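In: Got a predicted model here, sequence first, then my questions.
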Amino acid sequence: MPYLIADVELTTPLPSVVVPPTHSGIGFIFRLRGRAIGYLLHAVTPGRTVSPDEVERLATAQCGARIVQEEARAALAAVGPPLVDPSVTIAICTRNHPDLVARCLASLEVAAARVPECRVEVLVVDNAPSDERTRELVEARPGVRYTREPIPGLNFARNRAVREATGTIVAYVDDDVVVDVRWLEGLLEVWRDNPDAGGFTGQVLPLELETDAQVLFERRGGFRRAFERIRWAGDSHPRNPLYPCNGGAFGAGTNMAFRRDLLLELGGWDEALDTGAPLPGGGDLDMFYRVLRAGRPLVYEPLYLAFHEHRREYDKLRHQFYTWGTGFVAFIEKSYRTDPPMRARWRQLMRWWIRSQSGRLWRSLRGRDALPADLVWPELWGGLVGLTGEYRRSRRRVERLRREHR
Amino acid sequence: MIYRAPWRLIDVQLEQPLAPVERIPGAHGVTLTFWWRGTPLGQADVFAIELPLPASQLASIAGAAVSPALAHYVTGQEPIPAVNEWGRREWTVPSTYRALLSGDPFAVLDQRSAPPPPCPSLSVVVCTRDRPDDLESCLRSLAALDPPPLEIIVVDNAPGLPATREVVDRLGIGRYVAEPRPGLSAARNAGLAAARGDLVAFTDDDVTVEPEWAARLAEPFADPVVAVTTGLVLPAALETEAQLLFEHAFGGFGQGYRPLRFGRDFFDRHRGGSAPVWSIGAGASMAVRRSVAVQLGGFDERLGAGAAGCSEDSELWYRVLAAGLECRYEPRAVVRHHHRTTTSALDGQMYQYMRGHVTAVLIQYANHGDRGHLRRVARTLPTWYARSAVRALGSLVRHGRLRHRHRLLPAQVAGALAGVFHYLRVRHRPAGGAIA
């Protein structure tokens, strides 16, 4: 059954939350002065009302430590030198979803309005569309640029965005995303505080929890990350022997931004990854890794927040996990071949991944995991399929595509 | 071990504008200790690969590091455990988060803080044994105590050697007292006897004190139920592998940055076990109410350096708790301890620690009859060591070397075994010396 979404500001009197008989829980977003500092999926008997006192108890249990942490950080953080003439190109790579693009554009407009000192360019990259609906939608909006990438594949579209963008930073949002009102503020803040960084990733929370598949995905963790800023630099770290190969730890491709000059310097996105079926994954992991390997810091900032519409149908969700498996292993295969000094670490990562996935599957079979087994084994299966050379096959497919489109 | 020598220590004064942390050539990392106007609030480790660290990230790290202590000072509440959405252990406050919405928690800390009151009836006792250089820097730091104590007493536990007397005479700091009977307990008891103050603070010669140390240790005694106070012991330097092993594999002296109280509930909670009195603090930074210490018979002379090896302090704390009085840990009373620099000295120290600990637990059993002590020596410790040994052997077989946390195991096991024999040897000897 669906969950209600409650966005609660902790400094104002708390509301009571009425759960209709059709819903079986609440997804709380807790904010402190507009900054999200906690998320809680709370199961509730359908039809019950959650009193303000109970909300307060839940918020205290979830966010107590982080409130002090955020208050202390805010008291200590001095505002550094402002960005000189900041300019951001927001790139939405899309294919045949004009309705989603319209929704996304509306939220971007609201976010950009809060930061008038930043030059914002919105670029819609229409990837091998089957009709002109997206073009018509964009042309009806004067402030938005339209461009087309004829070769189907997300990374082809991302590369077109890099070539055509004019901003210093290229911020990618998926078309099924709605950005938070403070999304752009968050990106500019982390950029201003880390002028040496090569890339930034943001927090991703669920837009809706209408179906069981969406609730299950979020219970597994969704795309959620910590509610504090994290900065990564260097190509080894004593605390984590797998770093920086553990690409998924850095963020999600749904909400990420990079310096345009760095993307060009690194040769852009690997078009054999994130191609869309049969390998719609791995592209973001690859870029995070290459940014860190190039010696540029990567910083995650929770204020740079977007809301993602998770897959509504159960079998689509199952397929998504499968593509995570193939994407991840394809990324490992590619990196293993192109980055020889790191090979030992890649082998270690592969062994860890197999152990971790098998462990989850085992726990799930015993009923000890948030997900049922039929949502856990597809990722492992995808990885095993990926091990049979999916990246190599993808390169051949992509070469064929390039020849066809010449 | 992920901590490799040399390692730097930096004090960050949060009331001043934060500066970026620059690269430190040669060091593998740095431990930042965060202070607010003389109150230590927390610490964080930053590895060399993460440097340089922008000031904004330092603020983020500081916020996380100081939050538990800050929450305590701002709300007056003890934190309770909580589990975050990824199943990792965190903490939160027991009542409501509204108590934390003070705006600027440091401003609230300022309002709730006051400089320590003067301590005119506190005597400071340093027991020393032929370590003139260490003693000199210790005495110099004691001379800088502000507010000053009533007196400083130097107990020379090796009066046959001239070095200690020479240092005391040359510096003109402290009153010299000789204690020819060997053993730290005998020396401490001599200090108790010679002290004129109502309160007696003890520190060791390999320690330097912060200016407010004595006054902060004295403060909690305003409550008549308090008989013992202890303070925060920070490392003075982490230059060698042995020092890092002591700090990270053994755990150092770290008691945290929140004030703690140990009373009846702590004692009763561990009925059936052996109350972990060593967690109350360290003898390198402690104070006692003189009348209570004398009434309880002073430090047990079968324990402590030069005798069983250690635990003369914690065994006294046990008697204090058993008598229904309280111990308080006060992190604002800060000293810096010079850990042993060589691994052979560290092994020796681990041996002494465990030998003293086991002897102390058996003495506690003999004095108080609680079966939990016997269980600790006969079952808890052996099981723990057996499991650790199996794990150590496993990593030895797999990687060809011991993991850092097992590195100190052989010395500890040897010490524990020796403790049993030592107890059997000394159990009929008298515990106390004569204290006036």
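Out: Nice, I can see it.
In: now the strands for the stretch 101-250 of chain B?
Out: In the stretch 101-250 of chain B, the segments counted as strands under DSSP state E, counting those that start in this stretch are B:122-128, B:151-156, B:175-178, B:199-204, B:207-209, B:226-235.
In: closest to chain A out of those?
Out: Minimum separation from chain A across those (C-beta to the nearest C-beta) falls at strand B:226-235, 18.8 Å. To be clear about C-beta, it is placed using only N, CA and C from the backbone, and glycine gets the same treatment.
In: what helices or strands is that closest one leaning on?
Out: Applying 3 or more C-beta pairs under 8 Å, 6 or more residues apart in numbering or on different chains; DSSP states H and E, we find strand B:226-235 packed against helix B:213-218, strand B:285-289, helix B:312-322, strand B:326-337.
In: chain center to the longest one: distance?
Out: Centre-to-centre, strand B:326-337 and its host chain are 7 Å apart (C-alpha atoms, centre = their mean, to the nearest Å).
In: Keeping just the C-alphas, turn that strand into CSV.
Out: Taking C-alpha atoms only, strand B:326-337 is exported to CSV below (Å, rounded to 0.1, in the frame of the first residue of the first chain):
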residue,chain,number,x,y,z
GLU,B,326,30.8,8.8,43.8
CYS,B,327,33.5,9.3,41.3
ARG,B,328,33.2,12.0,38.6
TYR,B,329,35.0,12.2,35.2
GLU,B,330,35.6,15.9,34.3
PRO,B,331,36.9,16.3,30.7
ARG,B,332,37.7,20.0,31.3
ALA,B,333,40.6,18.9,33.5
VAL,B,334,43.2,18.1,30.8
VAL,B,335,46.7,16.6,30.9
ARG,B,336,48.9,15.4,28.1
HIS,B,337,50.6,12.1,28.6
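In: quick one on the thing from earlier: and the helices and strands packed on strand B:226-235, which one's lowest on average pLDDT?
Out: Of all those, helix B:312-322 carries the lowest average pLDDT, namely a mean of 90.
In: Show me what counts as buried in the longest strand along chain A.
Out: The longest strand of chain A (DSSP state E) is strand A:298-308. Within strand A:298-308, the residues that count as buried by 16 or more other C-beta atoms under 10 Å in any protein chain shown are A:298-308.
In: Please enumerate the helices of the stretch 51-200 of chain B.
Out: Assigned by DSSP state H, counting those that start in this stretch, the helices in the stretch 51-200 of chain B fall at B:55-75, B:105-112, B:132-143, B:163-171, B:184-194.
In: Let's have those in a markdown table, adding distance to chain A, mean neighbour count and mean pLDDT.
Out: Output for the helices of the stretch 51-200 of chain B, formatted as a markdown table (distance: least, C-beta to the nearest C-beta, whole Å; neighbours: other C-beta atoms under 10 Å in any protein chain shown; pLDDT from 0 to 100):
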| stretch | distance to chain A | mean neighbour count | mean pLDDT |
| --- | --- | --- | --- |
| helix B:55-75 | 3 | 23 | 94 |
| helix B:105-112 | 5 | 17 | 92 |
| helix B:132-143 | 29 | 19 | 95 |
| helix B:163-171 | 40 | 17 | 93 |
| helix B:184-194 | 37 | 25 | 94 |
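In: Tell me which of these sits nearest to residue A:375.
Out: Taking C-beta to C-beta, helix B:55-75 is the member of the helices of the stretch 51-200 of chain B nearest to residue A:375, at 33.3 Å.
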